[in-house]
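> I'd like to go over a predicted model; first the sequence, then the structure.
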Amino acid sequence: MGSISTAQQAQAQALAPPPSTTSYKIASIPADGIGPEVISAGIRVLETLAETYGTFTFDFTHFDWSSERYLQTGRYIPDGGLEELQRFDAILFGAVGDQRVPDHISLWGLRLAICQPFQQYANVRPTRVLKGVTSPLAACQHTEANRQKLDWVIVRENSEGEYAGQGGRSHVGQPWETATEVSIFTRHAVERIMRFAFEVARSRPRKKLTMVSKSNAQRNGMVLWDEVHKIVAADYPDVETDKMLVDAMTCRMTLSPESIDTIVATNLHADILSDLAAALAGSIGIAPTSNLDPTRQRPSMFEPIHGSAWDIAGKGVANPVGTFWTAAEMVKWLGQEEAADLLMLAVESVLDRGVKTRDLAGTARTDEVTASVCDEIRRIGKDRGLGSTSKKQT
């Protein structure tokens with residue numbers, strides 16, 4: 001069966017090349033809770049990485065968009081804010097959520113207010129068991145081979161679906177009060193995320209994609225997902241693909257992690273599955289997220305998935321590893337793949353030495369983990385002779 005779009009259109013839509021510049025303008029939005037702590041740690045690590053290489057630089061601009069600003073002004077994003085963000089190469093985001101503001105107000109006021117108009121339709125969440133981290137799954141413990149059984153990428157449709165914001169409430173406060181939450185699935189959006197996911201799967205060694213659905217019960221939108229998946233799969237004969245119902249997928253992730261490689265799912269389903277994945281990999285504190293506009297017409301946004309974690313905010317114990325991994329994904333997106341790999345090598349080396357925060361059964365504080373990662377970046381860089389050429393030239 002033929003594809004919906006032409007192959008050339010699909011490839012152009014799926015993955016645009018990184019920028020050719022080596023000076024990157026980054027918008028920093030720490031926002032709420034532990035966001036300022038982990039973003040500050042992430043910036044320290046990124047600046048150390050850039051100094052170690054000496055071949056690229058980061059220019060950070062900080063934005064005070066937060067729930068505190070909302071409480072003071074009634075808005076998260078000021079007039080002209082999105083237009084200002086447009087000039088950056090990427091956005092490094094902390095977390096949004098405040099005990100004084102209803103969650104639906106803060107989420108829609110800041111994070112989704114950036115993701116949706118910027119068409120960051122591909123939410124990408126890699127998951128694996130890092131060195132020095134223990135998975136709760138017995139099958140992923142004790143040996144290197146077992147650790148590698150859990151190595152996934154979850155691709156989440158990030159622009160519509162269950163989080164389209166459609167619906168409403170009527171007869172508020174009455175016994176017959178009614179609320180609707182309407183899921184929106186368009187063929188255009190389903191196809192573009194499906195093609196993106198197939199491209200991700202094709203780029204990985206196993207070339208395997210699992211599409212998650214619930215078409216047995218959701219007989220309209222999810223059936224459209226099933227149909228588009230089947231059509232697009234015909235354009236990727238080199239990628240092995242299958243379908244799982246979302247409830248069965250939770251069992252498969254837990255009982256047979258080695259059977260999974262790349263996953264694509266709706267906004268809601270992937271949101272839930274990716275948090276489960278983070279827990280199975282050892283902690284939600286280590287998990288990254290990329291909110292991508294694959295066309296690169298607008299900046300993409302990178303954030304750890306752990307949320308604002310107000311119970312530990314300001315105590316100096318937040319795990320910065322999720323932000324470090326997020327930063328590595330951003331560096332890779334900007335075209336510095338070797339540097340991204342070095343950053344993750346440094347992170348895993350530090351974890352493997354036992355320098356871990358308490359969510360990973362360690363005792364280290366945020367600053368201690370950050371300093372250790374910065375030192376390890378410098379050590380690896382020195383061993384590799386990085387920056388030596390640029391120093392000789394100066």
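In hand now; what should we look at? Small disclaimer: the values here were computed from a predicted structure and weren't measured.

> Where do the strands of the stretch 201-350 of the chain begin and end?
208-213, 240-245, 262-265, 288-292, 300-304 (DSSP state E, counting those that start in this stretch).

> which parts of the second one are buried?
Using 16 or more other CB atoms under 10 Å as the test for burial, strand 240-245 gives 241, 243-245. All C-beta spots, glycine's among them, are computed from the backbone N, C-alpha and C.

> Between strand 208-213 and it, find me the angle.
20 degrees (axes from the mean of the first three to the mean of the last three CA atoms, to 10 degrees).

> CA-only coordinates of strand 240-245 in PDB, if you can.
The C-alpha trace of strand 240-245 is given here as PDB (Å, rounded to 0.1, in the frame of the first residue of the first chain):
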ATOM      1  CA  GLU A 240      10.800  -4.400  12.200                       C
ATOM      2  CA  THR A 241       7.500  -3.200  13.700                       C
ATOM      3  CA  ASP A 242       4.700  -4.400  15.900                       C
ATOM      4  CA  LYS A 243       1.600  -3.100  17.800                       C
ATOM      5  CA  MET A 244       0.800  -3.400  21.500                       C
ATOM      6  CA  LEU A 245      -2.200  -2.300  23.500                       C
END
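
> hang on, the earlier thing: distance to L110 and pLDDT added to the buried residues of strand 240-245, as JSON lines?
Below are these laid out as JSON lines (distance: CB to CB, whole Å; pLDDT from 0 to 100):
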{"residue": "T241", "distance to L110": "35", "pLDDT": "98"}
{"residue": "K243", "distance to L110": "34", "pLDDT": "98"}
{"residue": "M244", "distance to L110": "33", "pLDDT": "98"}
{"residue": "L245", "distance to L110": "33", "pLDDT": "98"}
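
> which residues of the chain score low on pLDDT?
The chain contains residues with pLDDT under 70 at 1-15, 20, 388-394.

> Of all residues in it, which one is nearest the centre?
With distances taken as CA atoms, centre = their mean, T289 lies nearest the centre of the chain, 0.9 Å away.

> What separation is there between it and N146?
According to CB to CB, to the nearest Å, T289 stands 26 Å off from N146.

> Neighbours of G322, how many?
With neighbours defined by other CB atoms under 10 Å, the count for G322 comes to 25.

> my guess is it contacts P304, does it?
Yes - counting by CB atoms under 8 Å, P304 is a contact partner of G322 at 3.2 Å.

> Report the secondary structure element holding S28.
Using DSSP states H and E, S28 falls within strand 23-31.

> Run the angle between the helix or strand just after that strand and strand 23-31 for me.
Using DSSP H and E, the next helix or strand after strand 23-31 towards the C-terminus is helix 35-53. If you take the same axes, to 10 degrees, helix 35-53 sits at 160 degrees to strand 23-31.

> Buried ones in helix 35-53, by neighbour count?
Buried residues in helix 35-53, counted by 16+ other CB under 10 Å: 35-46, 48-50, 52-53.

> Which secondary structure state does the closest residue to G282 other than its chain neighbours sit in?
Spatial nearest neighbour of G282, excluding adjacent residues (CB to CB, 6 or more residues apart in numbering): V133 at 3.9 Å. Put simply, V133 is coil when judged by DSSP: H, G, I helix; E, B strand; the rest coil.

> According to the record, where do the domains of this protein fall?
According to automatic domain parsing, the chain comprises the domains 22-122+299-394, 135-281.

> In a markdown table: those, plus distance to D293.
Listed next are the domains of the chain as a markdown table, based on distance: least, CB to CB, whole Å:
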| stretch | distance to D293 |
| --- | --- |
| domain 22-122+299-394 | 5 |
| domain 135-281 | 10 |
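
> on that earlier part again, out of the strands of the stretch 201-350 of the chain, which comes closest to L360?
Nearest to L360, of all those, is strand 300-304, at 14.2 Å by CB to CB.

> Now do the closest one: distance to the chain's middle.
Offset of strand 300-304 from its chain centre (CA atoms, centre = their mean, to the nearest Å): 6 Å.

> check contacts around F63.
Shown in contact with F63 (CB atoms under 8 Å, 6 or more residues apart in numbering): 27-29, 81.

> Could you work out the most separated pair of those residues?
That would be S28 and G81, which, of the contacts of F63, are the farthest apart (CB to CB) at 13.8 Å.

> Settle it for me: which of these two has more neighbours?
Remark: of S28 and G81, S28 carries more neighbours, 20 against 16, as counted by other CB under 10 Å.

> contacting residues around that one?
If you count contacts by CB under 8 Å, 6+ apart, S28 has them with 39, 43, 60-63, 92.

> Please apply the same query to L85.
Residues near L85 by CB under 8 Å, 6+ apart: 27, 91, 114, 118, 299.

> hmm, 7 Å instead?
Shown in contact with L85 (CB atoms under 7 Å, 6 or more residues apart in numbering): 27, 91, 114, 299.

> check which helix or strand covers the third one.
It refers to I114. Assigned by DSSP H and E, I114 belongs to helix 112-115.

> neighbouring strands for the next helix or strand after that helix, and are they parallel or not?
Downstream of helix 112-115, the next assigned helix or strand under DSSP H and E is strand 122-128. Here strand 122-128 has these sheet partners by DSSP bridges: strand 151-157 (antiparallel), strand 288-292 (antiparallel).
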